[in-house]
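*Asks:* only the shape, not the letters, is given here:
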């Protein structure tokens, strides 16, 4: 329907969390379960109208929507857009308590969407012509950090993100939400070989710069003053930082000068500082 019409929007009213059609949404707060389930079933969950729209703009296909009845009319435009993007996309609507019970949390952003998970692109596609600054993530397991890094990549201007196999899923609900949908805008894929994949970047003309506290590290300001044209900025895990194997593959080790006796920043903050200096 068009906004303002008196026609009833095409929705499926739900009354029972055990409804088998709701399997994409149940127990969304269990990270281990969601990561396994979503990968196995080829889906991911987008939260909020803004994020769902960015997924649609990226060409991702919706499977269904879930919202509480109080949001139904406010989501009329989004329902139209989603149903225009895919044939027979169901829209599940129930009372707030039921939707919260299904999701496992208060859906205060109005809507959840189950989306078809796109296939990971090949490395050559991600590192296409004109890529000058890429970010490489090694073993970063916190979904909030993953989302924040993608948002900084989009906002500050790096071109792509590569992840080791141990990194958290950029399409997990929390990562998508924190990134504000930037995970749909920024080309990304996983490196099948780690840290050997860094040699592939070097073969494509990238200088590999590891952000780490290590003997002989160069200060970020000094490195930025002579930064190479094509640069891969490598950041390590929240606890231990970059692995020794990844450090051994780097062309340069770079550190952010710190004050007041602190030795480092959170990895998401460090990524933003490094990208800004090396933009």
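*Replies:* Sure thing, it's come through. Because the structure is predicted, anything quoted here is derived from the model rather than measured.

*Asks:* residues touching the residue nearest the centre of the chain, list them.
*Replies:* Nearest to the mean C-alpha position of the chain, counting by Cα atoms, centre = their mean, stands residue 170 at 3.2 Å. Contact partners of residue 170, counting by Cβ atoms under 8 Å, 6 or more residues apart in numbering, are 146, 147, 150, 161, 163, 176, 179, 183, 188. The way it works is simple: take the backbone N, C-alpha and C, and place the C-beta from them, glycine included.

*Asks:* mind doing that once more with 10 Å?
*Replies:* Listed by Cβ atoms under 10 Å, 6 or more residues apart in numbering, the contact set of residue 170 reads 44, 137, 143, 146-147, 149-150, 161, 163, 176, 179, 182-184, 186, 188, 190.

*Asks:* and what about it, helix, strand or coil?
*Replies:* coil (DSSP: H, G, I helix; E, B strand; the rest coil).

*Asks:* can you tell me how far it is from residue 20?
*Replies:* Between residue 170 and residue 20 the distance is 28 Å, computed by Cβ to Cβ, to the nearest Å.

*Asks:* now residue 98
*Replies:* Relative to residue 20, residue 98 is positioned 15 Å away (Cβ to Cβ).

*Asks:* comparing the two, which shows the higher neighbour count?
*Replies:* Shown here are residue 98 and residue 20; by other Cβ atoms under 10 Å, residue 98 has more neighbours (19 against 6).

*Asks:* isn't there a strand covering that one?
*Replies:* No. Applying three-state DSSP, one finds residue 98 to be helix, outside a strand.

*Asks:* low-confidence ranges, the stretch 101-250 of the chain, go.
*Replies:* By pLDDT under 70, the stretch 101-250 of the chain has no low-scoring segment.

*Asks:* show me where it has strands.
*Replies:* 111-116, 133-137, 160-163, 188-190, 207-211, 218-219, 231-235 (DSSP state E, counting those that start in this stretch).

*Asks:* okay, now the sheet partners of the last one, with direction.
*Replies:* Right, strand 231-235. Within its sheet, and counting by DSSP bridges, strand 231-235 is paired with strand 133-137 (parallel), strand 207-211 (parallel).
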